[in-house]
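*Asks:* quick one, structure for this:
(2 chains)
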Amino acid sequence: MKGLFGVSAQYRDQVEALREPLYRLAYSWCHDAGLADDLVQETLLRALDRGAQLNDAQRLKAWLCAILANCLKDHFRRARPLEPLDEDMPAHGATPEAASASSQLAARVRAEIERLPLGQRQAVTLVDLEGFSYAEVGEILEVPIGTVMSRLCRAREALRERLMEFATAQNNKIRSIR
Amino acid sequence: MNEEREVSQEMQNAFVDGQLDAADWTALVERMGSDEALRRRVCELRTLKDMTRSAYACVHPRRAAAAANRWGWTRVAGVALVFALAGWLGHGSLQRAPAVAELHGVAADRILVHVASSRGEVVDSALQEVEDYLRAARAAGREVQVEIVANNAGMDILRADTSAYARRLERLRAAYPNLTYVACNQTADRLRDRGVVVSLLPGVHVAPTALDEIVKRMQQGWVYIRA
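*Replies:* Okay, the predicted model is just below:
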C-alpha cells in the first residue's frame, strides 16, 4: 500500500483539483450547501469502496461525477420514496422571485437553474460547468445521448425565456451606470 | 446539413458546445452568414452558457473545516486512488473494501466498520459480525481494535434519541474496551441545521467528518469495511 501511495502522489494534485468541481456540481444540482457537503463526502466514500470499477484513470473525473449523480438519486429516493425521480422532478428551495430581489444576475441564474427539472439541471451543469461531452454526460447520468441533447435543449430554452430579458436589462443598467 | 431546412435546436446547442463534427460545424457557420435569426440564437446560447458558468464560479465548499483540512482531503485523494489504482493496476487484494459479512475472514488486527445506513438488517449484521470478531480474537489471545464510524442515516444508531441499539452498543463497549464508536460531525451539523438537538450516546467520539476518520485510520494501517 505504501508503494501505491508513492505512485498515487503524482495523481494527488489531479484529484485535489476535482474536489471543488465536485462540490460545485453537487451544489448546482441541489442548491443546498450542507447537502452538497454530504454528497461530496459520500461520493468519495463510495469511491473508496468501489475503486475497482475505475478501469481507466483518465476517466477519474467522469467516474466520480457518475457516483455523485447516484448519491443524489439515492438521497432523493430516501427523502421522497414515493415520488418519481428523473427529469420531471423539480428542485426545492429558493424561488426566482426571492433571487431577483437580490438584483444579482448570478443569483438569478442559479435560481432559474434550480427551477429546472433535475435531469435538465444535471445535463446543463455537466456540460457548461465541467465541459463534459454529450457522450460523457450520457455515461454519467446513464441515459442515451439523444436524451442528453433533448434535456439540454429544453433546459436552455427555459433559461433563455426566463433570463435573456433580465440579462439585457442588467447589462443596460451597468452601461447607464458607466 | 440541408440549407433549406431549419437548423434544429439540438444542432444549435451542439454547435456552441463544440459537439459537431467538422462537416456540420462548417455548414452551420456558412448558414449563419446568411441567417441573422440563427446568428442571434447562437449568440444567445453562448451568452446563456457563459452566464451559467459565471453563476457558479464563486461557489466553494462552505465549511471552514473543509478548507482548513486541505491536506486531509489530499490524503483522501491518495487513499481513494489506492483503491482506484488498485483496480487499474490489477492488484486484486486491494480491489474492493471487504464487506462486513467477510469480517470473520479478515486477519488484520485493526478494523474500521463504516455504517452509513440505519436499516435494521445492515446494522444488525454489522454489530453481529463485530461481536463475533471481537469474541474470536479474545479467545485466540489476539489484541485487536475495532472502530465503528457512523454518518448519514447511520448516525441514528449513535444518537441517544433515535438509537434502537443503545443497550446493545453499551453492552458491547462494556465487554470490549477495544471497541470505539465515532460519529460524523458533518452529519451532526446537518441535523442541527434542521433544528435537531443532537445528543450522542455516552462514550461516542466525534470526528470532523466520517471521511476524515476513515482516511486517518487507513493511513494508520487499519482495514476499512463498509457495512
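*Asks:* helices along chain A, start to end?
*Replies:* Remark: helices assigned in chain A by DSSP state H are A:2-30, A:33-49, A:60-79, A:96-101, A:105-115, A:118-128, A:134-141, A:145-177.
*Asks:* please identify the helix or strand for the closest residue to residue A:41 other than its chain neighbours.
*Replies:* Of all residues not flanking residue A:41 in the chain, residue B:211 sits nearest, at 4.9 Å (CB to CB, 6 or more residues apart in numbering or on different chains). From N, CA and C alone the C-beta is placed, and that goes for glycine too. Residue B:211 is part of helix B:210-219, with elements assigned from DSSP states H and E.
*Asks:* for that helix, which positions count as buried?
*Replies:* B:210-218 (16 or more other CB atoms under 10 Å in any protein chain shown).
*Asks:* next, format the residues you listed as TSV and append pLDDT and distance to residue B:57.
*Replies:* TSV is the format used below for these (pLDDT from 0 to 100; distance: CB to CB, whole Å):
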residue	pLDDT	distance to residue B:57
B:210	90	29
B:211	84	26
B:212	82	27
B:213	88	32
B:214	86	31
B:215	79	29
B:216	84	32
B:217	86	36
B:218	81	34
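*Asks:* which among these gets closest to residue A:63?
*Replies:* Checking the buried residues of helix B:210-219 against residue A:63 by CB to CB gives residue B:211 as the nearest, at 17.4 Å.
*Asks:* wait, the closest one touches residue A:46, no?
*Replies:* No: using CB atoms under 8 Å, residue B:211 makes no contact with residue A:46, being 10.8 Å away.
*Asks:* can I get the helix or strand just after the helix holding residue B:211 as CSV, trimmed to CA atoms?
*Replies:* Using DSSP H and E, the helix or strand that follows helix B:210-219 in sequence is strand B:223-226. The C-alpha coordinates for strand B:223-226 follow below in CSV (Å, rounded to 0.1, in the frame of the first residue of the first chain):
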residue,chain,number,x,y,z
VAL,B,223,-8.7,-2.1,7.4
TYR,B,224,-11.8,-0.3,6.1
ILE,B,225,-15.1,-2.2,5.9
ARG,B,226,-18.3,-0.8,4.8
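*Asks:* so what secondary structure elements neighbour strand B:223-226?
*Replies:* helix A:33-49, strand B:110-115, helix B:210-219 (3 or more CB pairs under 8 Å, 6 or more residues apart in numbering or on different chains; DSSP states H and E).
*Asks:* quick one: which of those is nearest residue B:122?
*Replies:* In terms of CB to CB, the element of those nearest to residue B:122 is strand B:110-115, at 7.1 Å.
*Asks:* for the closest residue to residue B:205 other than its chain neighbours, what are its contacts?
*Replies:* Distance criterion CB to CB, 6+ apart; nearest residue to residue B:205, sequence neighbours excluded, is residue B:182 at 4.7 Å. For residue B:182, the contact set (CB atoms under 8 Å, 6 or more residues apart in numbering or on different chains) comprises B:147-150, B:204-207, B:210, B:213.
*Asks:* which one of the residues you listed is nearest chain A?
*Replies:* residue B:210 (6.8 Å; CB to the nearest CB).
*Asks:* how close does the closest one sit to residue B:158?
*Replies:* Separation of residue B:210 from residue B:158 (CB to CB, to the nearest Å): 11 Å.
*Asks:* next up, the contacts around residue B:54.
*Replies:* A:105-106, A:109.
*Asks:* for the helix or strand it falls within, what is the average pLDDT?
*Replies:* Assigned by DSSP H and E, residue B:54 falls within helix B:36-55. For helix B:36-55, the mean pLDDT works out to 93.
*Asks:* tell me the gap between that helix and the middle of its chain.
*Replies:* Helix B:36-55 has its C-alpha centroid displaced from the chain centroid by 35 Å (CA atoms, centre = their mean, to the nearest Å).
*Asks:* pull out the buried residues from it.
*Replies:* Neighbour-count burial for helix B:36-55 [16+ other CB under 10 Å]: B:38, B:41-42, B:44-45, B:47-49, B:51-52, B:55.
*Asks:* and the helices in chain B?
*Replies:* Along chain B, counting by DSSP H, helices occupy B:9-16, B:22-34, B:36-55, B:64-68, B:70-89, B:120-139, B:166-175, B:185-193, B:210-219.
*Asks:* most packed of those?
*Replies:* helix B:210-219 (a mean of 23; mean count of other CB atoms under 10 Å in any protein chain shown).
*Asks:* on contacts alone, who are the packing partners of it?
*Replies:* Using 3+ CB pairs under 8 Å, 6+ apart, helix B:210-219 sits against helix A:33-49, helix B:70-89, strand B:110-115, strand B:145-150, strand B:179-184, strand B:223-226.
*Asks:* pick out the shakiest of those, pLDDT-wise.
*Replies:* Looking at the helices and strands packed on helix B:210-219, the weakest mean confidence is helix B:70-89, a mean of 38.
*Asks:* sounds good, over and out.
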